[in-house]
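[1] Generate a structure from the sequence data that follows.
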Amino acid sequence: MKNLFTCVFLGACLTTAAQADFNNVLAAGVEDAERFTTDYMAPLSESVVYSMSTGWYNTADAKPLGGFEISIIGNITGFKNKEDKKTFILDPSDYENLDFVENPGVAREVSTALGDISGTQVYVEGEVLGVTVRETFELPSGLAGENIDFVPSGYLQASVGVIKGTEIKARFLPKMEYEDASIGLFGLGIQHDFTKLLPADKILPVAISAVIGYTNINGDYDLSNARLIEGENQRIEAEISSWAFGAVVSTKLPIINFYGGVNYITGKSVTDVLGTYRVNSGPFESETYEDPFSIVKKVNGVTGTLGTKLKLGFFRLNAEYNLGEFNTATVGVNFGFR
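    As a prediction, the model looks like this:
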């Protein structure tokens, strides 16, 4: 599971950026490289924010003082049918140096980090010492081109009741490393059950609560061994954070319960391309870039959650589906008391 999570998640969030040969990307100049990479990575960053914002609750019935639950949570955010997220329109008029080999000057669809369009040839042209220099290369495809149509996430989570109707939550994934990549996750949350304040709480068939959760993912990918382009201390560092605000209602039955919620999600992804890069082809040959650019993506959206929870004494199992800009399926294996 460790290798699966690290390979797929980091492969999605970090190494997808690296699969676009940096010598080719930077051959267009740092401004064009930043513009292209921002549009290329945007849907992937958005999908990760939606994926990491789920799993904050599996009932609206808050735990009493001293009640606790420890959970292993896994999420799958799919994009198989999200054709609008797999491509973006590249208009050469928005770029200083980049253009298409076929039908130059005409805007067309190209692959994002989630897509599968391949074989798109572009060129960069400029004057070097009075001589016209032209460099041709192929734009990168995306995860769908590797037959991957989902973004996974997973973590450990703990919840404990502190005062009447209120429980606090924490989620954590220790720093994991695989080859040249590493990733870690942490988060904090709070849930308050408003029905606990009512005199008839014990006999009400449902509970209603509010949930707030914050999640942060940090990852990095060392490019030194990839040898994509000459330079030193080359790496990609990514930080993705999200806030989830939810209103939840659930049944209060002894064994099987159902829950649903409406959630507002806001998040931000920052990916920094760091180190020294020396371009060795094209009109910008011999140019050296230090920490060339950062990619920032902000995400806001509303999701709906429907789920069910099975409680068999100390053991609990829940499954839910989250509907939003990106849909996410979540499964939790839980162990708790009260």
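[2] Kindly state the beta-bridge partners for residue 121.
    With DSSP bridges applied, the residues forming beta bridges to residue 121 are residue 138.
[3] Would you agree it is in contact with residue 100?
    Yes: the criterion here is C-beta atoms under 8 Å, and residue 121 meets it with residue 100 at 7.1 Å. (C-beta placed from N, C-alpha, C; glycine too.)
[4] which one of those two has more residues nearby?
    Between residue 121 and residue 100, counted using other C-beta atoms under 10 Å, residue 100 has the larger neighbour count: 18 against 11.
[5] average model confidence for the longest helix anywhere in the chain?
    Longest helix in the chain by number of residues (criterion: DSSP state H): helix 30-52. Average pLDDT, helix 30-52: 91.
[6] what residues does the helix or strand immediately after it in the chain touch?
    Of the helices and strands lying after helix 30-52 in sequence (DSSP states H and E), the nearest is strand 68-78. Strand 68-78 has contacts (C-beta atoms under 8 Å, 6 or more residues apart in numbering) with 47-48, 50-52, 54-55, 58, 63, 149-161, 171, 316, 326-338.
[7] just stretch 317-334 next, same as before
    46-47, 50-51, 54-55, 58, 69-79, 82, 85, 157, 259, 263, 265, 301-310, 315-316.
[8] Mind checking which of the residues you listed are buried?
    The neighbour-count test (16 or more other C-beta atoms under 10 Å) applied to the contacts of stretch 317-334 identifies 46-47, 50-51, 54-55, 58, 69, 71, 73-77, 79, 82, 85, 157, 259, 263, 265, 301, 303, 305, 307-309, 316 as buried.
[9] coming back round to it: of the contacts of strand 68-78, keep whichever come out buried.
    47-48, 50-52, 54-55, 58, 63, 149-155, 157, 159-161, 171, 316, 326-328, 330-332, 334, 336.
[10] Give me the subset of these lying in helices.
    Checked against DSSP H, the buried ones among the contacts of strand 68-78 include these in helices: 47, 48, 50, 51, 52.
[11] Return the per-residue confidence for the residue nearest to the fourth one when sequence neighbours are not counted.
    Pointing back at residue 51 there. Leaving aside its sequence neighbours, residue 51 sits nearest to residue 77 (C-beta to C-beta, 6 or more residues apart in numbering; 3.9 Å). Looking at residue 77, its pLDDT is 93.
[12] got it, and residue 323?
    96.
[13] The helix or strand encompassing residue 307 pairs with which strands?
    Assigned by DSSP H and E, residue 307 belongs to strand 293-312. Counting by DSSP bridges, the strands paired with strand 293-312 are strand 256-278 (antiparallel), strand 315-323 (antiparallel).
[14] So which of these is the most surrounded?
    strand 256-278 (a mean of 19; mean count of other C-beta atoms under 10 Å).
[15] Could you give the number of residues near the nearest residue to residue 223 once chain neighbours are set aside?
    In this structure, residue 223 finds its nearest non-sequential neighbour in residue 234, 3.9 Å apart by C-beta to C-beta, 6+ apart. Counted by other C-beta under 10 Å, the residues lying close to residue 234 total 22.
[16] The one 3 residues further on now?
    By other C-beta under 10 Å, 15 other residues sit near residue 237.
[17] Who is it paired with across the strands?
    Judged by DSSP bridges, the bridge partners of residue 237 are residue 220, residue 272.
[18] could you check the distance from the most far-flung residue of the chain relative to its centre over to residue 148?
    Distance from the C-alpha centroid of the chain peaks at residue 130, with 45.4 Å (C-alpha atoms, centre = their mean). Plainly put, residue 130 is 47 Å away from residue 148 if you go by C-beta to C-beta, to the nearest Å.
[19] how much space between residue 238 and residue 275?
    Relative to residue 275, and taking C-beta to C-beta, residue 238 is found at 14 Å.
[20] so what's residue 229 scoring on pLDDT?
    At residue 229, the model reports a pLDDT of 74.
[21] What of the one 4 residues further on?
    Residue 233 is assigned a pLDDT of 87 by the prediction.
[22] Is it correct that it falls within a strand?
    Yes: checked against DSSP: H, G, I helix; E, B strand; the rest coil, residue 233 lies within a strand.
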